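Enquirer: predicted model follows, preceded by the sequence.
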Amino acid sequence: SLGLLDVYNERSRQFLRTFLPCIITGALYDSFRFFLRPLIAGHIHVIGPYVVDRAWFGVGGGTLNEVFLAHHWAIADLVTGVAYLVYVAEYLVLAMVLFFRGVHVRAHTFTRGFLVVNVMGFVTYLLYPAAPPWYVTAHGFGPAQVDMPPSPAGGQRFDDLLGTHVFANAYGHSVEVFGALPSLHAAYPALAMLLVLATPALRWARWPVVGYALIMCFSAIYLQHHYVIDVLLGLVYAALTAAIVLRWERRR
């Protein structure tokens, strides 16, 4: 398919060049299945993130995740479920809108940002593999089992409400179970928001992307996939990435 894009015409070649960083990101993520588990076995952090999050952002002696585990609502399950399923699509659609409107330089900045923030996240996963909140709820604080299957966590309530298997299929087959820190679920919408705010051609999207970024930060915690500290680090990574790619664009 990439070969066909490259040889078809100049327009398709330009599309390939612009979105090649996203293709590389997908290849890197998929390659985790071949080497991630042996590299993180024996040094997965389970209790540390929980204790820090409870100390800094705890409510009633527990984490905010545990509050939402005990108190959740159907409308919140639906809203957060939808938000959690489209976080990659939102980012790529914005990049494609720019590309097809002829704003190729900024579209390329979007896709470079996608690669940069993912590489930063992937490196962190290798250096500090961290268990998500749902893992602690299901398996406790004992030594982590590297071959533990993934879970849709709170997303299962979305499936139960609609009678679907969307979350079970999407998050029940995740390549990395112990990639909670940072939250790339929060980083993508935050990065999209920062780049949109710096892009006059996407002025119409400013309020929607701000709202979506806020909903996504809440969703990551509400659905038991991330602690508050995971979300905050994801926001830091998004800000660093935006600064890097925008400076890269200006220098070029």
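Expert: Yep, it's here.
Enquirer: any idea which helix or strand comes after the host helix or strand of Phe35?
Expert: Using DSSP states H and E, Phe35 sits in helix 10-40. Scanning forward in sequence from helix 10-40, with DSSP H and E defining helices and strands, the next element found is helix 47-57.
Enquirer: so which bits of that next one are buried?
Expert: Burial within helix 47-57, assessed by neighbour count using 16 or more other CB atoms under 10 Å, is assigned to Pro49, Tyr50, Val52, Asp53, Arg54, Phe57. (C-beta placed from N, C-alpha, C; glycine too.)
Enquirer: what sits against the fifth one?
Expert: Spelled out, that is Arg54. With contacts defined as CB atoms under 8 Å, 6 or more residues apart in numbering, the neighbours of Arg54 are Gly61, Gly62, Thr63.
Enquirer: which phi and psi does the second one have?
Expert: The reference is to Gly62. For Gly62, the backbone dihedrals (degrees, to the nearest 10) come out as phi -130, psi -180.
Enquirer: show me what it is bridged to.
Expert: The residues listed as beta-bridge partners of Gly62 by DSSP bridges are Val59.
Enquirer: neighbours of it, just the number please.
Expert: Here the number of neighbours of Gly62 (other CB atoms under 10 Å) works out to 14.
Enquirer: one more: Ile44?
Expert: 18.
Enquirer: before we move on, the earlier item: need the mean per-residue confidence for the helix holding Phe35.
Expert: Computed over helix 10-40, the mean pLDDT rounds to 88.
Enquirer: mind listing what's buried along stretch 92-100?
Expert: By neighbour count on 16+ other CB under 10 Å, the buried set for stretch 92-100 is Leu92, Leu94, Ala95, Met96, Val97, Leu98, Phe99.
Enquirer: buried ones in the host helix or strand of Val209?
Expert: Val209 belongs to helix 206-222 when assigned by DSSP H and E. Along helix 206-222, the positions that meet the burial threshold by neighbour count (16+ other CB under 10 Å) are Val209, Val210, Tyr212, Ala213, Ile215, Met216, Cys217, Phe218, Ser219, Ala220, Ile221, Tyr222.
Enquirer: go ahead and confirm the first one touches Val196.
Expert: Yes. Counting by CB atoms under 8 Å, Val209 does reach Val196; the two are 4.8 Å apart.
Enquirer: cool, thanks, signing off.
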